[in-house]
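From the sequence below, what's the structure:
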Amino acid sequence: MVFDTNVVIAHLRRQQLLPLRAVLPFAVVGELEAFALKADWGYQKVAFLRQLLERYPLVGFVPELASLYARLDAYSQGKLRGQPLPAGMSARNMGKNDLWIAATALYLDLPLHTADNDFDHLPALGLALVKEAR
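Next up, the predicted model:
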C-alpha cells in the first residue's frame, strides 16, 4: 500500500507505525522532510520520522513513472485523448508531488491511502483509492 503525505503525518502525530506492507514514494519523503523543517519539529518527532523512513521501503524514480505521471496530468486537465473526464467533473491542475504519488501507486499496482480529495478523479485510470480519516 502507498501512503499520501497527509496519512503519514497523522501516523507521526500519533507516534503510530504504518502497516508492514507500506511503501513510501520519494515525493512523500520529500514532503515529510520539508514539513518537519517548516514546522520546526523537536527531537522526538524527527527521531520517529527517521524510524519510519528506515523501516519502510522508499520507491525512487524509475523511467516508467514518467509516462504514468504524464498520463495522469493530461487526464486531470481533460486533455487525454480517448479518455475524457467523467460527466460533471471539471479539469484540474494537480500538485506535482500528488502526480508522482499517484503514478507510484499505479506503477506498483497498490492502493493509495489518502485523507484528502486530490485523487478522487483517478480511479477511472485504474488507481485504487482508500480514504482514511485524518
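
So which residues of this protein form strands?
Using DSSP state E, the strands found in the chain span residues 2-3, 24-25, 58-59, 112-114, 129-131.

Could you export the ones you listed as CSV, including distance to residue 94?
C-beta: built from backbone N, CA, C; applies to glycine. Formatted as CSV, the strands of the chain follow (distance: least, CB to CB, whole Å):
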stretch, distance to residue 94
strand 2-3, 16
strand 24-25, 14
strand 58-59, 18
strand 112-114, 12
strand 129-131, 14
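
Find the nearest non-adjacent residue to residue 74, please.
Leaving aside its sequence neighbours, residue 74 sits nearest to residue 80 (CB to CB, 6 or more residues apart in numbering; 4.2 Å).

and the gap between the one you found and residue 71?
To residue 71, residue 80 is 7 Å away according to CB to CB, to the nearest Å.

so how far is residue 70 from the residue nearest to residue 74?
Distance from residue 80 to residue 70, counting by CB to CB: 9 Å.

So for these two, which residue has more residues nearby?
Counting neighbours by other CB atoms under 10 Å for residue 80 and for residue 70 shows that residue 80 has the greater number, 16 against 13.

how near is that one to residue 128?
For residue 80, the distance to residue 128 - CB to CB - is 19 Å.

just residue 30 next, same as before
For residue 30 relative to residue 128 (CB to CB), the value is 23 Å.

One more: residue 19?
Taken as CB to CB, the span from residue 19 to residue 128 is 15 Å.
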